[in-house]
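Participant: need a 3D model of the following:
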Amino acid sequence: MASVPLLPGDAGYDIQYPTGNIEEILKRQRPNDSAFLVVGEKSLLKSDDLRQCMGTNIDFITLESWQQAVHQLFPGEYSGDSCRVYLKNVVVSALPTLASRHNSPGLPHAVADAVGSGYRSSTRVIVIVCTEETLYASGCAASRPFYRYSQKASAGKSAMDTVEVVFFRSDLPNPCQGLSEEESLAFVMSGNGIRMAQSIVDRPCNLMHTDAFVNHAREVARYVGSEIQVIQGQELDERGFGGIYGVGKAADHPPALAVLSHKPAGATKTVAWVGKGIVYDTGGLSMKPKGTMAGMKRDCGGAAAILGAFMNAVKLGFKENLHCVLCLAENAVGPLATRPDDVHVLYSGRSVEINNPDAEGRLVLGDGVSYAARDLCADVILDMATLTGAQGIATGRYHGALLTNNEDWQDAVCSAGRASGDLVFPVPFTPELHFPEFDSAVADMKNSVKRRDNAQPSCAGLFIHSHLPKDYAGAWIHVDMAAPVCGHERATGYGVALLTSLFGSYLENSTVHGIAPALPAVPYAADGEPPRKRRR
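Facilitator: Purely as a prediction, here's the structure:
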């Protein structure tokens, strides 16, 4: 397989998911030279099979010392616990004991925290103790603490250290059997997609501007063998993309719409993933104050996630038509910046009076979903965005806000969130109550609400929905992940695992078939036209 495309300066760790019996993998490493980290629920860590595996395959670890170490662990409902088994080189970490119904059963957030706090520069093997149900979420979580981007002087080495992640699946007849080739590929690609998204989001705008994002999208297209179309700069205005062009026209690096397309033979459905890629958000002429502008390099988190997920999905054999629509712009201040009171006409043909240049993400996504419906004839359109600060207030730091016109898809996305660890929670879909917030006297709508106390995450999503054709009958899904995009001042790669799990039944690779939700039936456009509502 060709090397995964890296961004300039990417370094850190090469995360591998080896195949084969984990006992043989453990025997290859010596704790005098390499550190081990074992992570799992205490009830699983107490397993006799695990005690036998650890006590007989790691030098200097006995059955008794392993049992004593696990006995010393006292995790609580909200926090885990860890201890050393052999000097500092073998660490065992127990996860918190509580997993409520709106959480992922394997506690992948706690897995990521345990790996992040427990690994050392000498760590070479991470053992994840889990079940078949929690395997995928735990494996994705283990890759998140290994960030690729850093400009610290100590991070300037070119070679990557290798870390092997192995799984002890306690509910299998042979818990030590290890991963198959197919499972290993799924974890390698998912981990690479997550870490690529992290690297994009972590980079400042002087490195990850719109041109750099487009260039990396081209690299991904070459890597997976997909088509790519780029509409950039003045051409956006000429072709009617008033949202993307209006937001990004003041920046040195021009705005762009980049569309990667995967069209396998035999496909009968078309899926479009649309990502908000605001590489920096100053707020435009409604400029953010200094306390809230720092960190706005992360406003491209939606586009980064769908690019990582697209790379992953195509490499794992996505069987339907799949389009990755990147809406890229920098919301800059300058003589050409959009002013309050300006009116832009979006690709949908609908006019928007700008009453807040800092509500720019919905403008670029309005163009993106309209293009996905009209030009790509998508049956399912999912947009992902760091859209509103209110999302974090409504659904918190871990759950993205989910808005959709289809209740069956709502259930499917929530299920995929719990299975993957990229959690979501629905917000109200009631256009009749919320869309009047955008009433304008001179245009079809304003871009920001009249009142800020009326379900802002729902309102912002409904603005995007309003730019679909009025008779569009396909499924539309919106994920606002403004808060989950980062944690501990680093990107999380949120969204890659969610999309992989949600559309897992469309993959040739069967690794996530067991946790992928059954997808609702969708109308599809065999005649090359967008799905239309039935007329009475």
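Participant: which residues in the stretch 101-250 of the chain form helices?
Facilitator: With DSSP state H, counting those that start in this stretch, the ranges of helices along the stretch 101-250 of the chain come out as 108-118, 135-143, 181-202, 210-224, 234-238, 242-248.
Participant: which one of those lies nearest to A419?
Facilitator: helix 135-143 (6.5 Å; CB to CB). C-beta coordinates here come from the backbone N, C-alpha and C atoms, glycine included.
Participant: residues contacting that closest one, please?
Facilitator: 15, 17, 39, 104, 106, 108-109, 111-112, 115, 126, 128, 130, 165, 167, 169, 186-187, 190-191, 194-195, 419-421, 493, 496-497, 501, 511-512, 515 (CB atoms under 8 Å, 6 or more residues apart in numbering).
Participant: are any of these buried, and which?
Facilitator: With burial judged by 16 or more other CB atoms under 10 Å, the buried subset of the contacts of helix 135-143 is 15, 17, 39, 104, 106, 108-109, 111-112, 115, 126, 128, 130, 165, 167, 169, 186-187, 190-191, 194-195, 419-421, 493, 496-497, 501, 511-512, 515.
Participant: using CSV, please lay out the helices of the stretch 101-250 of the chain together with mean pLDDT and distance to V343.
Facilitator: Output for those, formatted as CSV (pLDDT from 0 to 100; distance: least, CB to CB, whole Å):
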stretch, mean pLDDT, distance to V343
helix 108-118, 94, 43
helix 135-143, 97, 44
helix 181-202, 97, 32
helix 210-224, 98, 24
helix 234-238, 98, 14
helix 242-248, 98, 9
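Participant: please identify the most buried of those.
Facilitator: Sort those by mean neighbour count, taking mean count of other CB atoms under 10 Å, and helix 242-248 sits at the top with a mean of 30.
Participant: got the contact list for it?
Facilitator: Contacts of helix 242-248 (CB under 8 Å, 6+ apart): 210, 236-237, 254-257, 278, 284, 327-332, 338, 342, 344-347, 352, 354, 360, 363-368.
Participant: where does this protein have low pLDDT?
Facilitator: Per-residue confidence for the chain (pLDDT under 70) gives these ranges: 1-2, 31-32, 87-88, 155-160, 523-528, 530, 532-536.
Participant: quick one, strands of the stretch 201-350 of the chain?
Facilitator: If you assign secondary structure with DSSP state E, counting those that start in this stretch, the strands in the stretch 201-350 of the chain sit at 227-232, 256-262, 270-281, 321-331, 343-345.
Participant: wait, which of those is closest to S82?
Facilitator: Comparing the strands of the stretch 201-350 of the chain by CB to CB, strand 270-281 comes nearest, at 36.7 Å.
Participant: L402: neighbouring residues, count only.
Facilitator: Around L402 sit 24 other residues, with neighbours defined as other CB atoms under 10 Å.
Participant: assumed it was part of a strand.
Facilitator: Yes - when DSSP: H, G, I helix; E, B strand; the rest coil is applied, L402 is found to be in a strand.
Participant: with M54 as the reference, measure out to the residue of the chain positioned farthest from its centre.
Facilitator: Checked against the mean C-alpha position of the chain, the extreme residue using CA atoms, centre = their mean is E64, at a distance of 41.8 Å. Counting by CB to CB, to the nearest Å, the gap from E64 to M54 is 11 Å.
Participant: would you turn the helices of the stretch 101-250 of the chain into TSV with distance to Q29?
Facilitator: Output for the helices of the stretch 101-250 of the chain, formatted as TSV (distance: least, CB to CB, whole Å):
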stretch	distance to Q29
helix 108-118	16
helix 135-143	17
helix 181-202	18
helix 210-224	31
helix 234-238	53
helix 242-248	50
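Participant: ok, which of those comes nearest T270?
Facilitator: Of all these, the one in closest proximity to T270, counting by CB to CB, is helix 210-224 (17.3 Å).
Participant: show me what that closest one is packed up against.
Facilitator: Counting contacts by 3 or more CB pairs under 8 Å, 6 or more residues apart in numbering; DSSP states H and E, helix 210-224 packs against strand 227-232, strand 256-262, strand 270-281, helix 301-315, strand 321-331.
Participant: save the ones you listed as a markdown table, and put in distance to F241 too.
Facilitator: Shown next, in a markdown table, are the helices and strands packed on helix 210-224 (distance: least, CB to CB, whole Å):
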| stretch | distance to F241 |
| --- | --- |
| strand 227-232 | 7 |
| strand 256-262 | 6 |
| strand 270-281 | 13 |
| helix 301-315 | 15 |
| strand 321-331 | 9 |
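Participant: OK, contacts around L172?
Facilitator: Applying CB under 8 Å, 6+ apart, the residues contacting L172 are E132.
Participant: how close does it get to E181?
Facilitator: Separation of L172 from E181 (CB to CB) stands at 17 Å.
Participant: isn't V111 up against V39?
Facilitator: Yes - counting by CB atoms under 8 Å, V111 sits close enough to V39 to count as a contact (5.9 Å).
Participant: overlap in contacts of these two?
Facilitator: Overlap between the neighbourhoods of V111 and V39 consists of L95, I128, A142, taking contacts as CB under 8 Å, 6+ apart.
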